[in-house]
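Peer 1: Structure, please.
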Amino acid sequence: MNLLFYSALTLTFFLVLALLLAPVMLNPSPAARRILEMVQSTRPDQRKIGPKELLRDAILSIAKSLRSQLGFADDEALKVRLLAAGVKGQNGANAYRTSRFFLPALGIIVGSVIPHRSVLLALTLGATCYLIPDMWLRMKVKKRREKIRNGLPDALDLLVICVEAGLGLDQAMLRVGHELTISHPEINQEFAQINLEQLAGIARLAAWKNAAKRTEVPEFSLFVTMLTQADRFGTPIIRALSRFADELRMKRRQRSEELAAKTKIKILFPLILFIFPCIFIVLLAPAFLHIVRSLNSFK
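Peer 2: Predicted coordinates:
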């Protein structure tokens, strides 16, 4: 009976996984989609649809509806979060959606086969595994934003030097991004993305605003606002960059001082929980043992 149950569970798991991955596996490649776009015709389609195409369309529709019901459907919010985390391309989104399904199923299976298994344990493992990809994505977004926030003053200093040397703002961004490839790769990615969007035909102000929306870093949004105002009102860009770099450097120093001040409070908890008990044991244990021996001697 147990063998039949696990066999049915495994078969169901793989069938559902196949339905979820069907839209990804059966979709044509980018080159094939480009060819299809070039040869598309506005004439009505009079060809006969075979059973193979009907079966494929049915599988795709079932998989899409199942993914939509389970929360795996394509949405703009997920794309924005993945871009904020530095994950680009469809492969990252597919990996995230697959992990949101595969890990809970794996947690339920592990919870059902361990000794002294229970339904509550299996559901708890499944729910925990379901939250792991989201927690990982939140952590990656937070870490990337912090890196951009810390590296922006250095990037602005290099921008000022490049602009004063005679480079245009776009060429200066490319040069600064190239110089910061090792120390601040996140800023290099954003500057390179801005340049690619401009080469694709997007206006300069629109490319800057897209970068601000993509990063969601307040300092980067202020930087884009400053560039927009300087470009619109004709303000000297060197003076604006210098003042803004000084302000960001001051904010970074104040943030460091704030974190250093908070350390005095945070260190109390490990002191009380871990260090003070050890000190009490070292200081009071010999006296306690001496008292116990003295009391035993009177008996």
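
Peer 1: what's R214 in contact with, if anything?
Peer 2: 80, 83-84, 190, 193 (C-beta atoms under 8 Å, 6 or more residues apart in numbering). All C-beta spots, glycine's among them, are computed from the backbone N, C-alpha and C.

Peer 1: how about 6 Å then?
Peer 2: L83 (C-beta atoms under 6 Å, 6 or more residues apart in numbering).

Peer 1: Likewise for N195?
Peer 2: L174.

Peer 1: how close does it sit to N188?
Peer 2: For N195, the distance to N188 equals 11 Å [C-beta to C-beta, to the nearest Å].

Peer 1: Now I187: which helix or strand?
Peer 2: Under the criterion of DSSP states H and E, I187 resides in helix 185-199.

Peer 1: And the average pLDDT for stretch 51-69 is what?
Peer 2: Throughout stretch 51-69, pLDDT has a mean value of 61.

Peer 1: how about the helix holding I187 as PDB, C-alpha atoms only?
Peer 2: Taking C-alpha atoms only, helix 185-199 is exported to PDB below (Å, rounded to 0.1, in the frame of the first residue of the first chain):
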ATOM      1  CA  PRO A 185      29.800  45.800 -10.600                       C
ATOM      2  CA  GLU A 186      26.200  46.800  -9.900                       C
ATOM      3  CA  ILE A 187      26.800  50.400 -10.900                       C
ATOM      4  CA  ASN A 188      28.700  49.200 -14.000                       C
ATOM      5  CA  GLN A 189      25.600  47.100 -14.900                       C
ATOM      6  CA  GLU A 190      23.200  50.100 -14.500                       C
ATOM      7  CA  PHE A 191      25.400  52.500 -16.500                       C
ATOM      8  CA  ALA A 192      25.800  49.900 -19.200                       C
ATOM      9  CA  GLN A 193      22.000  49.300 -19.300                       C
ATOM     10  CA  ILE A 194      21.500  53.100 -19.600                       C
ATOM     11  CA  ASN A 195      23.800  53.200 -22.600                       C
ATOM     12  CA  LEU A 196      22.200  50.200 -24.300                       C
ATOM     13  CA  GLU A 197      18.700  51.700 -23.900                       C
ATOM     14  CA  GLN A 198      20.000  54.900 -25.500                       C
ATOM     15  CA  LEU A 199      21.500  53.000 -28.400                       C
END
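
Peer 1: and the next element down the chain from that helix?
Peer 2: Heading C-terminal from helix 185-199 (DSSP H and E), you reach helix 204-215.

Peer 1: Tell me what angle that following helix forms with helix 185-199.
Peer 2: 140 degrees (axes from the mean of the first three to the mean of the last three C-alpha atoms, to 10 degrees).

Peer 1: List the buried residues in helix 204-215.
Peer 2: For helix 204-215, burial by neighbour count (16 or more other C-beta atoms under 10 Å) applies to 207-212, 214-215.

Peer 1: Quick check: next helix or strand after it?
Peer 2: helix 218-233.

Peer 1: and that following helix, what does it pack onto?
Peer 2: With contacts defined as 3 or more C-beta pairs under 6 Å, 6 or more residues apart in numbering; DSSP states H and E, helix 218-233 has these neighbours: helix 204-215, helix 237-266.

Peer 1: if we can go back for a sec, by how many degrees do the helix holding I187 and helix 218-233 diverge?
Peer 2: Using the same axes, to 10 degrees: helix 185-199 against helix 218-233 is 30 degrees.

Peer 1: where in this structure is pLDDT low?
Peer 2: By pLDDT under 70, the low-scoring segments of the chain are 1-9, 11, 14-50, 52-75, 89-92, 94, 116-118, 298-299.

Peer 1: Next up, the contacts around the residue lying closest to T215 once chain neighbours are set aside.
Peer 2: Leaving aside its sequence neighbours, T215 sits nearest to I148 (C-beta to C-beta, 6 or more residues apart in numbering; 5.7 Å). I148 makes contact with 186, 215, 217 under the criterion C-beta under 6 Å, 6+ apart.

Peer 1: Reformat the buried residues of helix 204-215 as TSV; add distance to V141.
Peer 2: TSV is the format used below for these (distance: C-beta to C-beta, whole Å):
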residue	distance to V141
A207	21
W208	20
K209	19
N210	17
A211	15
A212	15
R214	11
T215	10
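
Peer 1: so how far is the helix or strand containing P153 off the chain centroid?
Peer 2: Taking DSSP H and E as the definition, P153 sits inside helix 119-164. The chain centre lies 5 Å from the centre of helix 119-164; the measure is C-alpha atoms, centre = their mean, to the nearest Å.

Peer 1: same deal with stretch 262-276?
Peer 2: For stretch 262-276, the distance to the chain centre is 31 Å (C-alpha atoms, centre = their mean).
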